[in-house]
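In: Curious how this folds, go ahead:
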Amino acid sequence: VQTPEVFGLHLNADITKDEREAKLLMDSVLATQPREASGGSGADPKTIVLNMAADIYARMPKPFNAEDVMAKHPITYEQSMNTVLLQECIRYNRLIVLVRKSMHEVQRAIKGEVVMGAELEGVFNAMFDGRIPPTWKKRSYPSLKPFGAYINDLIERLSFLQRWIDNGPPPVFWISGFFFTQSFLTGVKQNYARKTKIEIDKLQWDFTVMAKPSYDEPPADGCFVNGLFLEGAGWDHERRQLCESKPKELFVPFPIIQLTPALPKDIAEFPHYPCPTYKTTDRRGVLSTTGHSTNFIMPILLPRAAETDKEHWIKRGVALFTQLEY
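Out: Numbers count the residues shown, from 1 in each chain. Predicted structure coming up:
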């Protein structure tokens with residue numbers, strides 16, 4: 001059997017392949033599971049889903065009040081991030097309303113108070129199988145997480161926005177928490193463009209991987225972001241550059257990155273790898289009506305050793321992700 005190294009991949013690629021094959025097998029087995037309770041001692045599927053729905057409905061926050069958000073963070077010419085915050089709240093509100101309604105109606109359908117239609121049955125089956133319901137995916141951000149992890153991730157995202165509303169813009173933005181990441185990036189560029197009177201179309205990103213694990217104050221220009229995960233390579237914290245992955249370490253939490261808008265002539269040249277950044281580990285998406293991919297965000301230039309060319313890391317399949325599959 002040929003090893004992954006023959007194709008320029010790390011030995012960890014074998015683990016990733018085995019994981020995907022095992023997941024495909026388990027999904028196929030799960031599709032054959034009965035939806036009705038048998039004579040055994042196992043719990044009734046209806047009881048399981050009923051308890052899950054009640055718990056999620058109790059944990060899920062109510063929609064954001066857009067008027068209160070605008071009152072606390074008025075939209076001004078100097079601060080584009082207030083517009084980003086409002087738009088994010090509106091996008092998440094659509095999902096919150098759908099999730100709360102689904103959980104309420106599923107409970108009523110199980111109790112026999114309403115008819116279990118095709119849509120509710122789809123939600124019921126997805127919850128029992130641990131998958132995101134198809135109706136949610138249409139209004140949701142991209143996610144490959146199982147049902148339980150998806151709910152926890154959604155609540156964490158809503159908490160991130162609520163802290164922003166209550167305390168103002170954080171010194172470090174959790175980039176994984178944005179519904180539409182490109183809107184946030186445009187807002188940062190727009191703030192800099194209006195401050196410096198430079199056309200936004202002329203600006204590019206200057207990336208700096210920071211050494212400290214946290215910051216109490218935002219940078220003078222641009223922003224700090226965290227929440228990224230690196231696959232296909234490791235990160236040398238002393239030399240602050242890409243290095244080979246450790247055995248059995250598939251993903252590495254990436255340090256804080258400073259994103260600074262700048263003119264191309266002001267960006268210093270250094271040995272780098274243009275690392276593609278995605279929302280999910282699927283590494284593919286479709287072009288939306290805004291002109292952006294539903295999954296790809298942008299390339300981030302990461303420092304590399306001068307003796308290792310970027311083709312080496314391309315063969316390794318090195319990429320950054322805002323969220324993992326678990």
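
In: just the strands in the stretch 101-250 of the chain please.
Out: 172-174, 204-209, 223-226, 229-231, 234-236, 241-243 (DSSP state E, counting those that start in this stretch).

In: Tabulate these in a markdown table, adding columns for mean neighbour count.
Out: The C-beta positions use only the backbone N, C-alpha and C, and glycine is treated the same way. Converted to a markdown table, the strands of the stretch 101-250 of the chain look like this (neighbours: other CB atoms under 10 Å):
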| stretch | mean neighbour count |
| --- | --- |
| strand 172-174 | 21 |
| strand 204-209 | 17 |
| strand 223-226 | 22 |
| strand 229-231 | 21 |
| strand 234-236 | 15 |
| strand 241-243 | 21 |
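
In: Out of these, which gets nearest to Gln33?
Out: Closest to Gln33 of the strands of the stretch 101-250 of the chain, according to CB to CB: strand 229-231, at 31.2 Å.

In: for Pro247, phi and psi?
Out: phi -60, psi 140 (degrees, to the nearest 10).

In: what pLDDT does it get?
Out: Note on Pro247: pLDDT of 84.

In: just the one 3 residues further on next, same as before
Out: At Leu250, the pLDDT value in this model is 85.

In: what's the neighbour count on Cys199?
Out: If you look again at residue 199, you'll see it is Glu, not Cys. Neighbours of Glu199 under the rule other CB atoms under 10 Å: 8.

In: For stretch 184-204, buried residues please.
Out: Buried positions in stretch 184-204, judged by neighbour count with 16 or more other CB atoms under 10 Å: Phe184, Leu185, Thr186, Gly187, Val188, Lys189, Gln190, Asn191, Tyr192, Ala193, Leu203.

In: Would you confirm that Pro142 contacts Gly285?
Out: Yes: at 7.0 Å, Pro142 counts as touching Gly285 under the criterion of CB atoms under 8 Å.

In: ok, the closest residue to Arg240 other than its chain neighbours to His272 distance?
Out: Nearest residue to Arg240 in three dimensions, chain neighbours excluded: Val209, at 5.7 Å (CB to CB, 6 or more residues apart in numbering). As defined by CB to CB, to the nearest Å, Val209 lies at a distance of 11 Å from His272.

In: Common neighbours of those two, please.
Out: Leu302, Pro303 (CB atoms under 8 Å, 6 or more residues apart in numbering).

In: Okay, and the nearest residue to Trp164 once chain neighbours are set aside sits in which element?
Out: Spatially, and ignoring its direct neighbours in sequence, Trp164 is nearest to Leu85 (5.9 Å; CB to CB, 6+ apart). Per DSSP states H and E, Leu85 falls inside helix 81-111.

In: So for that helix, what gets flagged as buried?
Out: Buried residues in helix 81-111 (16+ other CB under 10 Å): 81-89, 91-93, 95-96, 98-100, 102-103, 105-107, 109-110.

In: where along the stretch 51-200 of the chain do the helices fall?
Out: 66-72, 81-111, 118-129, 134-137, 147-167, 181-196 (DSSP state H, counting those that start in this stretch).
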